[in-house]
Each structure stands twice: as structure tokens, then as C-alpha cells.
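Asker: Structure for this input, please:
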Amino acid sequence: MSKRVLLTYWRNSANVIKMISAVRRIYHCTDEIAGFPWPDEKTRLQAILEEVEVAKAADIVLVTSPTLLNKMSHFNQNVRMLANDVVDFAIFNKAAGADPPEELSGLQRPVIGYVGDLVGFKVDFSLVKEIALHLHQWSFIFIGPYRNDRPLPHIENLHFLGSRRREDIPRYVAAFDACIIPHNTNLYMSHSFPMKFFEYLAMGKPVVATDIPALRPYRKYFYHANNADQFEAALRQSLEDDTREKQQERIQLAASRSWKSRGPKIMKLLVQ
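Answerer: Numbering: from 1, shown residues only. As a prediction, the model looks like this:
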């Protein structure tokens, strides 16, 4: 324990990490805390101040996006980038040819899917509703916990399945014809990297996403859309363009972002 490395995600841990002996004290900043839907302005400001204190107390600050890198550099001189562009590649890729779950059988094709938290400050449910209305003969599957902060749209071709075991998720994605990331473009989401992006790519799936800054370097690998008309056009185009060659390009990119390749990079960041 003489070489202890302490890593915290907790914004209110400045006093704790000062008390614990460690050769490295690391704050891992994964989100824009100011963009979280706090109950009131006082709570939001308190959270911001707490995060500043832990960032100042840390020896290293790891961030997940270029925008967070710029922000955290005001509070710590040793800020390093470690994006969420990583995937459990083997788990997802090996399920590419798996039989679809029974509850997806009989759905009208094409089947479009999303996996992730169903929370209103992340998912643009108004956009989802419009897309489903435009493409009323298509099936849309949403998998993930519902946070009940906003009502879900009730449309016949929208299917909200709730949470599923992580080990079962690849079988659902394998059944999708295309995948979507209809996220809001608010303060919180502008600093985030959706890990589901590389999970989709690991299975070779075409992806349509809103304008998420962290995904811009990967524009070659997904279709960009910001409103229902653009989403409809992009989804149609993604299915028309899809080839075995394009699928392999997506899979190869995801393979380069596996945890096996990520481990050495993490260790290098920690010991520099």
C-alpha cells in the first residue's frame, strides 16, 4: 500500500483525498457538472465549487472531452485527456450473428435501436416522437432505465423495453438494422462522449446521431442529423449505403478502441 493511487469521481471529495496518503491523487471528470439538471441554482453553484476544490486538490485531472480539458486547465496544471471512446469489443462483436431476442420477433422492419438511460436532459424525446411519426411503418426500440423526469411519447411504433442485463444487450443491438443517438445539444451533452457509439460500431451497425461535439472526429463513421427531416433522410441513406465493406470499417475502428488496447494508455497517464 506504499504505492497507493487514489482515483475519485466524487465532486465533493477534496477533503477526503487530502487525508489519504497516495503517490497519485486523481480526479476523473466525466461530465459538465454545471449542465446537470440540479433542483435549484444554489445547489448547482455549490456543486461547481465542490468540483473546483477537488480539481485543485488532485495531482492529475483526467477528462473525457476537449471542452472539459480547457475548463479543468483553469484549476489544475496537470490535466490529461482520456475520452470515453472505448468498448468491450469482444463482448459485442461476438454477438454479431446471434439470434434476436424473442420479444423483437415479428416487428416490422426496419428496426431502429437505442441503448442508454432514458432521461430527458439526455434524450431529445420531442425529436424521437417526430422521427417515429415520420417513419410510422418502421419499428423503434429503446432499451434502458427510464428516469421519469419527462413523459415518454406514446406512439404505436415506439417500443420502450426498459432495462436489460448488460450481457444481453449485444443480442438486441445485433437485431437492429440501424442505431441512433438522438441526444439533446445542451450544456451537459456538449461535454459528453456516448460510449454506446463504439458499441454500435463494434457490431458494424450504421449510426445516426445529433451534433455531439465529441463525435465530430468520427464523422466518417456516422450520419449527422439534428431534426426529424434530417433524421429520416439520414436513416434512409444509412440503410441504402450499408455494405459489408462499411460494416468492416466500423468494426475495425471499434476494435482499435478495446479495453485491451486502452489499459496501457491508462497506466501511462497515471505514472507520467
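
Asker: can you pull the pLDDT of the closest residue to Met81 other than its chain neighbours?
Answerer: Among residues not flanking Met81 along the chain, Leu69 sits closest, at 5.5 Å (CB to CB, 6 or more residues apart in numbering). For the C-beta atoms, the positions are set from N, CA and C on the backbone; glycine is no exception. Listed pLDDT for Leu69 reads 89.

Asker: Check what contacts stretch 228-243 and list those residues.
Answerer: 110, 112, 127, 130-131, 133-135, 138, 177-178, 180, 182, 206-208, 223-225 (CB atoms under 8 Å, 6 or more residues apart in numbering).

Asker: what's the burial count for Pro264?
Answerer: By other CB atoms under 10 Å, the residues close to Pro264 number 9.

Asker: Sorry, wrong one. I was asking about Pro182.
Answerer: Neighbours of Pro182 (other CB under 10 Å): 23.

Asker: Quick check: it vs Ala234, distance?
Answerer: Remark: distance between Pro182 and Ala234 (CB to CB, to the nearest Å) = 11 Å.

Asker: Got the domain ranges for the chain?
Answerer: The record's domain parsing of the chain by automatic domain parsing lists 5-82, 89-255.

Asker: Out of those domains, the one nearest Gly263 is which?
Answerer: domain 5-82 (11.8 Å; CB to CB).

Asker: The chain: helices as residue ranges?
Answerer: Remark: helices assigned in the chain by DSSP state H are 14-19, 41-57, 66-72, 89-93, 125-134, 169-175, 196-202, 228-241, 244-255, 259-271.

Asker: Of those, which shows the lowest average pLDDT?
Answerer: When I compare the helices of the chain, helix 259-271 is least confident, with a mean of 76.

Asker: what's the spacing between it and its chain's center?
Answerer: 20 Å (CA atoms, centre = their mean, to the nearest Å).

Asker: same thing with stretch 27-38?
Answerer: 14 Å.

Asker: What residues sit buried inside that stretch?
Answerer: Across stretch 27-38, burial judged by 16 or more other CB atoms under 10 Å covers Tyr27, Cys29, Thr30, Asp31, Glu32, Ile33, Gly35.

Asker: Quick one: the strands in the stretch 51-200 of the chain, in order.
Answerer: 60-63, 79-81, 111-115, 139-143, 158-162, 178-181 (DSSP state E, counting those that start in this stretch).

Asker: pLDDT of the second one, averaged?
Answerer: So that's strand 79-81. Throughout strand 79-81, pLDDT has a mean value of 90.

Asker: Mind listing residues that contact that strand?
Answerer: Contacting residues not belonging to strand 79-81 are listed as Ile60, Val61, Leu62, Val63, Thr64, Pro66, Leu69, Met72, Ser73, Leu269 [CB under 8 Å, 6+ apart].

Asker: Now render those residues as TSV, adding neighbour count and distance to Asp99.
Answerer: Formatted as TSV, the contacts of strand 79-81 follow (neighbours: other CB atoms under 10 Å; distance: CB to CB, whole Å):
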residue	neighbour count	distance to Asp99
Ile60	18	45
Val61	24	45
Leu62	24	39
Val63	25	40
Thr64	22	35
Pro66	15	41
Leu69	17	43
Met72	21	45
Ser73	14	49
Leu269	15	40
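
Asker: And the furthest pair within the residues you listed?
Answerer: Of all pairs in those, the most separated under CB to CB is Ile60 and Pro66 at 17.2 Å.

Asker: what's the distance between stretch 176-186 and the middle of its chain?
Answerer: That offset, for stretch 176-186, works out to 10 Å (CA atoms, centre = their mean).

Asker: Check which residues of that stretch are buried.
Answerer: Neighbour count says stretch 176-186 has Phe176, Asp177, Ala178, Cys179, Ile180, Ile181, Pro182, His183, Asn184 buried, by 16+ other CB under 10 Å.

Asker: now stretch 46-56
Answerer: Applying 16+ other CB under 10 Å to stretch 46-56 flags Ala47, Glu50, Glu51, Val52, Glu53, Val54, Ala55 as buried.
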